[in-house]
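Participant: Build me a model:
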Amino acid sequence: MSNSHPRLHTRICDLFGIAYPIVQTGMGWVSTARLTAATSAAGGIGFLATATQTFDEMKESVAQIREKTDKPFGINVRTDAPDIEDRLDWSIKSGIKVVSFAQAPKPDMVKKLKDSGVVTIPTIAARRHAEKVAEWGVDAVIAQGSEGGGHTGEVPTAVLVPQVTSAVDIPVLAAGGITDGKGLVASLAWGAEGIAMGTRFLLSAESGVPQNVKQAYFDSAVTDTVRTRAIDGVPQRVINTAMVQGLESAKILRFPRAMLNAIKFRRLTETSFSDLLREGLSMRKNQNLTWSQIALAANAPMLTKATMVEGNHQIGIMPTGVGLGVIESAPPVELIIQSIVTEASEILSELNQPNMN
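Facilitator: I've put the predicted structure just below:
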């Protein structure tokens, strides 16, 4: 768009090599090659969700993206994956421009990527986390407030983002409940240099989420979400369905159900039993988790797959930000980005006009 406001060209645009400071986050089972490529082709940047893919599936998806667009895109990796070093090495050799992280990165991962010219960007939910990863040398952060979907922290977006932008010198992307141009302008006012969105892109034409599931999102209000630990032991925002309410109440059955889903997920990602055991021991050591919590941590991907891939939201979960209640349709990604840029540009131009009253 040639008529976008100059204020919309931020350090994020230069860092990623994109036209607009708009990011589509790496949502498991949702951020496919098609959605990622569409976002990048439209002037933002898409992130391929590789945490729910095998190594070979990740490679194939990257090839598919490159067939669809020559614009910059990124991949989102699971830092505790048994083959994470192989994935990072391949990403460097294959020329991946940006890597984001599904969990907190390790300092050596950040260094390896940066030394190879790869941009790194983790998601954080607290000021102290932003300060820590900035010390490690990350290039930017996504500050996600409690209104965000999936795993999310406790601090509201409007409080978290100004805290983070005041604490670090690197570019900050605002996330959590943002769906439109007004949200982009507000984020700029908080000191951020762009926005990252999940739910808005989940509800797009290029998203492969089944139509009946998209309709369930459209039918939900901003008050229909809940932040729960019942799914995987870590706070996660989802639509408050009967399934989620059942998980909240059935505490006795939660662990065995999680164990079954953990085994299923590891089979899908081709994780061997020895790797699974090694990963579990590492999680216990590094994150002080119990075996029950480790099983719960592998539970969410299968519950999400049931909805986002298989279309069965009666037995699955629907991660979402509170912005779902203001989204009424699923247009093409290009139109989503154009509408955000147009609205933000108009607001910024109006704000620059002198008050004649």
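Participant: Any idea how far apart the tips of stretch 236-249 sit?
Facilitator: Using CA to CA, to the nearest Å, one end of stretch 236-249 lies 16 Å from the other.
Participant: Just the buried positions in that stretch, please.
Facilitator: When burial is assessed from 16 or more other CB atoms under 10 Å, stretch 236-249 yields the following buried residues: 236-241, 243-244, 247. Placement of C-beta: from N, CA and C, glycine included.
Participant: again, but for stretch 146-154
Facilitator: Within stretch 146-154, the residues that qualify as buried are 146-153, counting by 16+ other CB under 10 Å.
Participant: Who are the contact partners of E248?
Facilitator: E248 makes contact with 228, 230, according to CB atoms under 8 Å, 6 or more residues apart in numbering.
Participant: and it, that's in a strand?
Facilitator: No. E248: not assigned to a strand; according to DSSP: H, G, I helix; E, B strand; the rest coil it is helix.
Participant: M308 versus that one, what's the distance?
Facilitator: 21 Å (CB to CB, to the nearest Å).
Participant: and if you look at A51?
Facilitator: According to CB to CB, A51 stands 13 Å off from M308.
Participant: any residues in contact with both of the two?
Facilitator: Taking CB under 8 Å, 6+ apart as the criterion, A51 and M308 both touch G28.
Participant: what are the ranges of the strands in the stretch 1-150 of the chain?
Facilitator: With DSSP state E, counting those that start in this stretch, the ranges of strands along the stretch 1-150 of the chain come out as 22-24, 45-49, 74-77, 98-101, 119-121, 123-124, 141-144, 150-151.
Participant: pretty sure V226 is in a strand, no?
Facilitator: Yes. Membership of V226 in a strand is supported by three-state DSSP.
Participant: okay but it is in contact with A242, surely?
Facilitator: No. Using CB atoms under 8 Å, V226 and A242 do not qualify as a contacting pair, with a distance of 12.0 Å.
Participant: Please report the distance of the residue nearest to T32 when sequence neighbours are not counted from R229.
Facilitator: Computed as CB to CB, 6 or more residues apart in numbering, the closest residue to T32 that is not its neighbour in sequence is G208, at 5.6 Å. When CB to CB is applied, the distance between G208 and R229 equals 28 Å.
Participant: cool, V141 as well?
Facilitator: V141 sits 24 Å away from R229 when distances are taken as CB to CB.
Participant: With neighbour numbers in mind, choose between those two.
Facilitator: Applying other CB atoms under 10 Å to V141 and R229 shows that V141 carries more neighbours, namely 27 against 13.
Participant: how about the nearest residue to R34 once chain neighbours are set aside, secondary structure?
Facilitator: Among residues not flanking R34 along the chain, E206 sits closest, at 5.2 Å (CB to CB, 6+ apart). Each residue gets one of three states, and E206 gets coil by three-state DSSP.
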